[in-house]
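Enquirer: Predicted model and sequence follow; I will ask about them next.
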Amino acid sequence: MPVDTWSEVITPAARHRLEDAADLLGLDPGGRPRLEASFDEVGDELAAAEVLLTGWGCPRITVDVLDAAPKVRAIVHAAGTIKTFVDPAVFERGIEVSSAAAANAIPVAEFTLAAIVLAGKRAFRHREWFRDSGVKRPLPGAPILGTLGTTVGVLGASRIGRLVIARLRSLDVEVLVSDPYLSPAEAAELGARWCDLPTLFSASDIVTVHAPLLPETHGLVSAELLSSMPDGAVLINTARGALVDHAALERECVSGRLDAVLDVTDPEPLPPESPLLRAPNVFITPHLAGAMGNETTRLGEAAVAEIERLAADQPLAHGINRADLGRIA
């Protein structure tokens, strides 16, 4: 991983734990990763390596890398998705793969819960109203002022979706969930009611999106689904912008019929002329719901814990099966 990533996710305490569990290879004299080194320069270290510790900015692990690292038995990723850099040959050779996606899910779920509460209060509309009017009272005609009795629809029972459902137990809301891999009984165990996608959108005051971006989920939140949402409903997206038909969302938000909280967009960032950037009922943040700042240390800690398990001949806690690649982010 790049030096900046290493410095961000591996704290001194995590570094000490790593040193207790394994011999660290691939570091410069200052103890930082030598990502800029040529392939030949790290050949001896690759040949000796049993585990690859990766992070944001990791080069693609190709067949050439695997051939140069015949002893590697596991790849531990101190970040979320592994799809961008893990070649299928990794799984074909029986190499175990783990990621810190579960650790990254925590701040996204926290961000989402905060967005749900603020969206229920219409805090974003009211900020604009109060700033422009100076009137200390709710915006006339603003829909839903609070979460009590509202219905929150969770699209996707992913790691993040499940954490959001768990956190919604602290609110007096009804929770719906739609996920093709989840049964009604499993939804009930999570504390939600399973429903199909059209029902989720037509019955929810707030819909929060937590599905992976796959070829079959591109544009999943369609114009039809958006148009079925109740007047004054809110769409929250902290997953991937391309899950949503942005042209349709723009029409619904510019008309004032729907509100939106978007941590991701399509494209990302939006062009400067996009009306969504200026709409008072749309709140956009620059893809910051995931681990940022001190939250990134969770990623390093999760990765170190996996390496400690490997050193103790214990199974990985967050292993990724090849069969799951088609339905995870």
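Expert: Arrived safely. Numbering: from 1, shown residues only.
Enquirer: what's the domain layout of the chain?
Expert: 3-99+293-327, 104-284 (automatic domain parsing).
Enquirer: just the helices in the stretch 151-300 of the chain please.
Expert: 159-168, 184-190, 197-203, 223-228, 246-254, 297-311 (DSSP state H, counting those that start in this stretch).
Enquirer: Leu18: which of these is closest?
Expert: Taking CB to CB, helix 297-311 is the member of these nearest to Leu18, at 5.6 Å. Glycine gets a C-beta too; all of them are placed from N, C-alpha and C.
Enquirer: And that closest one, what's buried?
Expert: For helix 297-311, the buried set under the neighbour-count rule, 16 or more other CB atoms under 10 Å, comprises 297-307, 309-310.
Enquirer: sorry, back to before: save the helices of the stretch 151-300 of the chain as CSV, and put in distance to Ile106 too.
Expert: Shown next, in CSV, are these (distance: least, CB to CB, whole Å):
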stretch, distance to Ile106
helix 159-168, 7
helix 184-190, 17
helix 197-203, 24
helix 223-228, 28
helix 246-254, 27
helix 297-311, 7
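Enquirer: Work out the gap between stretch 283-294 and the centre of the chain.
Expert: 10 Å (CA atoms, centre = their mean, to the nearest Å).
Enquirer: Pull the residues that contact that stretch.
Expert: By CB atoms under 8 Å, 6 or more residues apart in numbering, the residues outside stretch 283-294 that reach it are 80, 103-104, 107-108, 111-112, 115, 118, 124, 238, 260-265, 268-270, 276-277, 298-299.
Enquirer: ditto for stretch 228-238
Expert: Here stretch 228-238 has contacts from 108, 111-112, 115-116, 119-120, 143-144, 160, 198, 201-202, 204-210, 221, 226, 243-244, 249, 252, 257-264, 289, using CB under 8 Å, 6+ apart.
Enquirer: can you do 7 Å?
Expert: Outside stretch 228-238, the residues that touch it by CB atoms under 7 Å, 6 or more residues apart in numbering are 108, 111-112, 115-116, 119, 143-144, 198, 201-202, 204-209, 243-244, 249, 257-264, 289.
Enquirer: Buried by neighbour count, from those: which ones?
Expert: Buried among these (16+ other CB under 10 Å): 108, 111-112, 115-116, 119, 143-144, 201, 204-209, 243-244, 249, 257-264, 289.
Enquirer: who's in contact with the most far-flung residue of the chain relative to its centre?
Expert: Most distant from the centre of the chain: Val135, at 37.6 Å, with distances by CA atoms, centre = their mean. With contacts defined as CB under 7 Å, 6+ apart, Val135 is in contact with no residue.
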